[in-house]
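Peer 1: Sequence and predicted structure, then a few things I'm wondering about:
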Amino acid sequence: MQAIVLAGGYATRLWPLTKDRPKMLLPVGETTVIDELLSDLENDDRISDVFVSTNERFAPDFETHLEESEFEKPRLSVEETVEEDEKFGVVGALAQLINREGLEDNDEDLVVVAGDNLFSFDLDEFIDHFEEQSTPSLAAYDVGSKEKAKAYGLVELDDGEVVNFQEKPENPNSTLVSLACYAFPSEVLSQFDEYLSSDNNPDEPGWFLQWLQSRQTVRAFTFSGAWFDIGSADGYLEAIDWALAGEPLIADDATVENSRLEGSVQVLPGATVSDSTLARSVVFPNSQVTNASVDDTVIDSEATVENIDLSESVIGSYTTVAQDAEDEAESAEEATEVVQN
């Protein structure tokens, strides 16, 4: 069995945090977003090869990351794009990778998972389910409310079999979200080209699964627990909150002085926090936070935050956000206008 980890997105909704780094390499506790998945795949003896599918722009970042890791299975497979508007769509990129790496000729089943998803189950549980069913499979998570479900692609099930799909519906029939976690028997791989040659939607794998479900049985692996889509700053902070379980995490060479860290706060190497209060926030390497109150905020590398209150913000790298001491009484709204350097 082989595996593909999708890591080719440009994450424009997370800019400036992901303008110059792939979101899959964002730190989450002691690890990164993508390393949670790579670790599961590395430890599963059924997986022979892992292809990390990325773009030309971020390929050097992933190459360095993998070289410095202890993983042996992953290797890069690079699509020829450097900007968002050049992308082939996820299904198009998958089909190209299957052809580029000759996966169709290997007669091996294939696991496909998005590199920006965190979930509480181990991938070996999903693979167990797939092998038991011997049919195309997807992972599905119950978001618990139809209001939340409106933002996602949904599935309806009959005794574990997928019987209907809805894509971001105004009136959901289900609260089960179809996650970007799939498994395909080897004989399905040739159908990616068939799907695309018929001018079907090349963007999201869910459309391919819907097309496939009209031709054969597709089953769902459902799970409870946690799932996070790292597509926004709030989604990223939710994942941090889950990983840290409500406790601060301070790197050994970070400095925290005369400060209060409330709940899930991650302070990365080289960062300095002094005379401040932080809650549910991340301070990236070599940033400085002084005399500030910060909550629900991500402060990128080499940034400076001082004499200010911040909430629900993303502060870009090398940015200074400061308020003169005599102006501290001004409103936070006026004070948090940020210009990216």
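Peer 2: On my side now, so go ahead. Numbers count the residues shown, from 1 in each chain.
Peer 1: Gly235 touches Phe228, doesn't it?
Peer 2: Yes: with contact defined as CB atoms under 8 Å, Gly235 counts as touching Phe228 (5.9 Å). Yep, even glycine has a C-beta here, placed from its N, CA and C like the rest.
Peer 1: any chance you could map the helices in the protein?
Peer 2: 33-42, 59-68, 90-100, 123-133, 146-149, 191-197, 205-213, 233-244, 332-335 (DSSP state H).
Peer 1: Rounded mean pLDDT for the fifth one, please.
Peer 2: Over the span of helix 146-149, the pLDDT mean works out to 93.
Peer 1: cool, and stretch 324-340?
Peer 2: On average, stretch 324-340 scores 48.
Peer 1: now stretch 115-122
Peer 2: 89.
Peer 1: Go through it and flag the buried ones.
Peer 2: Going by neighbour count (16 or more other CB atoms under 10 Å), the buried part of stretch 115-122 is 115-119, 121.
Peer 1: and the nearest residue to Ser287 once chain neighbours are set aside, how many neighbours?
Peer 2: Of all residues not flanking Ser287 in the chain, Ala303 sits nearest, at 4.5 Å (CB to CB, 6 or more residues apart in numbering). Neighbourhood size, Ala303 [other CB atoms under 10 Å]: 23.
Peer 1: Tell me the predicted confidence for Ala303.
Peer 2: At Ala303, the pLDDT value in this model is 97.
Peer 1: quick one, phi psi at it?
Peer 2: When quoted as degrees, to the nearest 10, the phi and psi of Ala303 stand at phi -90, psi 160.
Peer 1: how about it, what does it touch?
Peer 2: 284, 287-288, 315-321 (CB atoms under 8 Å, 6 or more residues apart in numbering).
Peer 1: These into CSV, with extra columns for neighbour count, pLDDT and distance to Gln133?
Peer 2: Shown next, in CSV, are these (neighbours: other CB atoms under 10 Å; pLDDT from 0 to 100; distance: CB to CB, whole Å):
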residue, neighbour count, pLDDT, distance to Gln133
Phe284, 23, 97, 42
Ser287, 25, 98, 48
Gln288, 20, 98, 53
Ile315, 26, 96, 46
Gly316, 21, 94, 46
Ser317, 20, 94, 46
Tyr318, 15, 95, 50
Thr319, 19, 95, 50
Thr320, 14, 96, 55
Val321, 24, 95, 52
